[in-house]
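S.K.: one predicted model, sequence on top.
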Amino acid sequence: MRLLFVHAHPDDESSKGAATAARYAAEGHRVRVVTCTGGERGDILNPRYEPSDAADLAQIRREEMAAAVAALGVEHAWLGFVDSGLPEGDPLPPLPEGCFALQPLDVTVPALVAHLREFRPHVVVTYNEQGGYPHPDHLMTHEVTMRAVDDAASPGGDGAPGRSRRCTTTLPSRGRGSRRPTPRSWPRERSRPSAAGWSGAVPAWTAG
């Protein structure tokens, strides 16, 4: 079996679903993690690092990602987009120009579709519609992944037309009429949903 985990940042693979990925890899299944961004706008919380290390944060995240891949025993690929950061304040400031959460879907979705068609996973794991928690990159990761799963299996693609697919969400959706910030509404949206935890959308398909 082939499993594909789609995450927003380096470190998400270690804090969300890591035991599942490691177990399946240890049992001999192929497990691949796709990381959408480089985590360039993350915060340094480890007291062993000095503030000056922030200049090298992108490289630090890559080194940490390599260590995580080795520890989990999985394959890894970067999707290549730039971390959006987590806006704070009231009102929320605009997201940085060019960041992942502001990229058009006709750019982000095909990038992931290419991985789906090449790897042909039986199971795709990502966040639910609330992003696990409302970080703009997590919300975008959910949206991109769900659309990419559909596009990868559409007629004319590598995933033969008529392939049996099943898509389930393990966490319930929010109630009717409720609102959540989306990547494009984030600069204008003040209300944020509470964090709902991991194990969001788990689409599964028959990939052959």
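M.R.: Sure thing, it's come through.

S.K.: pLDDT below threshold where in this protein?
M.R.: The model of the chain has pLDDT under 70 over residues 51-55, 155-208.

S.K.: and the helices in it?
M.R.: 12-15, 18-26, 57-72, 105-119, 136-152 (DSSP state H).

S.K.: buried set for the third one?
M.R.: Within helix 57-72, the residues that count as buried by 16 or more other Cβ atoms under 10 Å are 57-58, 60-62, 65, 68-69, 72. To be clear about C-beta, it is placed using only N, CA and C from the backbone, and glycine gets the same treatment.

S.K.: kindly report the same for the fourth one.
M.R.: With burial defined by 16+ other Cβ under 10 Å, the residues of helix 105-119 counted as buried are 108-109, 111-113, 115-117, 119.

S.K.: can you add distance to residue 80 and give the helices of the chain back as JSON lines?
M.R.: What follows is the helices of the chain, written out as JSON lines (distance: least, Cβ to Cβ, whole Å):
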{"stretch": "helix 12-15", "distance to residue 80": "16"}
{"stretch": "helix 18-26", "distance to residue 80": "21"}
{"stretch": "helix 57-72", "distance to residue 80": "12"}
{"stretch": "helix 105-119", "distance to residue 80": "7"}
{"stretch": "helix 136-152", "distance to residue 80": "13"}
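
S.K.: nearest to residue 95, of these?
M.R.: Nearest to residue 95, of all the helices of the chain, is helix 136-152, at 6.1 Å by Cβ to Cβ.

S.K.: what's the closest one packed up against?
M.R.: With contacts taken as 3 or more Cβ pairs under 8 Å, 6 or more residues apart in numbering; DSSP states H and E, helix 136-152 sits against strand 2-7, strand 30-37, helix 105-119, strand 165-169, strand 201-205.

S.K.: ok, now with 10 Å
M.R.: Counting contacts by 3 or more Cβ pairs under 10 Å, 6 or more residues apart in numbering; DSSP states H and E, helix 136-152 packs against strand 2-7, helix 12-15, strand 30-37, strand 75-81, helix 105-119, strand 123-125, strand 165-169, strand 201-205.

S.K.: closest one to residue 87 among these?
M.R.: Closest approach to residue 87 among those (Cβ to Cβ): strand 30-37, 15.0 Å.

S.K.: for residue 148, give me its contacts.
M.R.: Contacts for residue 148 (Cβ atoms under 10 Å, 6 or more residues apart in numbering) come out as 6, 34, 105, 108-117, 124, 126, 203.

S.K.: swap that for residue 108, sorry
M.R.: Per Cβ under 10 Å, 6+ apart, neighbours of residue 108: 36, 79-81, 100-101, 140-141, 143-145, 147-148, 183.

S.K.: out of those residues, who has the most neighbours?
M.R.: Among the contacts of residue 108, the one with the most neighbours (other Cβ atoms under 10 Å) is residue 141, at 33 neighbours.

S.K.: could you find the closest non-adjacent residue to that residue?
M.R.: Distances taken as Cβ to Cβ, 6 or more residues apart in numbering place residue 8 nearest to residue 141, at 4.5 Å, with adjacent residues excluded.
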